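Chemist: here is a sequence with its predicted model. Questions after.
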Amino acid sequence: MSENWLKQSVAEAIGTFALIFVGVLSISAAGIVGAPGGLATLASIGLAHGLTIAVMVAALGAISGGHFNPAVTFGFVITGRMKPATGGMYWIAQLVGASAAGLLIAALFGGGPVAGGTPDLGRGVGVGAGIVIEAVATFFLVLVVFGTAVDERAPAAVFPLAIGLTLALGIMAVGPLTGGALNPARTFGPALASSHWNNHLVYWIGPLLGGAIAAAIEHFYLMERKPARRR
């Protein structure tokens, strides 16, 4: 592995670790300390995830592009903006970072808080509906990634906040229905640490499908036909 690949892997692992660490604790921390009535709200959970992505993209985007999400990486691979081997390396780094965060929280506080922070389908939401909901929400996320961070016509300074806010909005919209993962790693790491594998394939099929469609629409239709700024 070249030094550049190693740096990219470390950046992707750190960013994904941060997302899962903050994301799980934003849901479960109040319960860990027995805060009366709980402190977490849907808005606070959404903003915790979104702000984490925004600052991690700003801090590490120059190194790896700041994917921190297999669905984003998949969009880059299917549009030819990233080689499959590099995409596989990104996936491994993202899943390692996510798993490390989940395992750390489980080691500190047990598997219960991690399971509580693992996305799952809400009551009355079927697998098919869950896949569609996750696909649609991830479609918007990847559309914004390509429209702000990849398309060179967009202002370069706006993309970390735009991506973070899109994630926050997605979680606030669909969180009660699916947990609002929009990211296979967001489910995989906590599931591995807590053995909470309920409906796990929903969080791979939906985000990968939605991300692929958004990337293809942006790359092949909406963006100008010239090389875009490398992330």
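Modeler: That came in fine, so what should we check first?

Chemist: residue ranges with poor pLDDT in the protein?
Modeler: 1-2, 36-38, 225-231 (pLDDT under 70).

Chemist: run through the helices of it in chain order.
Modeler: 3-32, 42-64, 70-78, 84-109, 111-116, 127-144, 159-178, 184-194, 202-217 (DSSP state H).

Chemist: pick the most deeply packed of those helices.
Modeler: Most buried of the helices of the chain, by mean neighbour count (mean count of other CB atoms under 10 Å): helix 184-194, with a mean of 27. For glycine as for every other residue, the C-beta is placed from the backbone atoms N, C-alpha and C.

Chemist: coming back round to it: which one of the helices of the chain lies nearest to residue 152?
Modeler: Closest approach to residue 152 among the helices of the chain is made by helix 159-178 (11.3 Å; CB to CB).

Chemist: so the closest one versus helix 184-194, what angle?
Modeler: 60 degrees (axes from the mean of the first three to the mean of the last three CA atoms, to 10 degrees).

Chemist: nearest to residue 151, of the helices of the chain?
Modeler: Judging the helices of the chain by CB to CB, what sits closest to residue 151 is helix 159-178, at 9.5 Å.

Chemist: related to what we said a few turns ago, as CSV, the helices of the chain with distance to residue 152 would be great.
Modeler: Output for the helices of the chain, formatted as CSV (distance: least, CB to CB, whole Å):
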stretch, distance to residue 152
helix 3-32, 21
helix 42-64, 15
helix 70-78, 15
helix 84-109, 21
helix 111-116, 40
helix 127-144, 15
helix 159-178, 11
helix 184-194, 27
helix 202-217, 16
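
Chemist: so for residue 223, which of those sits nearest?
Modeler: The nearest among those, by CB to CB, is helix 202-217 at 9.3 Å.

Chemist: was I right to think residue 104 contacts residue 21?
Modeler: Yes: with contacts counted by CB atoms under 8 Å, residue 104 reaches residue 21, the gap being 7.1 Å.

Chemist: shared neighbours of the two, anything?
Modeler: Common neighbours of residue 104 and residue 21 are not found (criterion: CB atoms under 8 Å, 6 or more residues apart in numbering).
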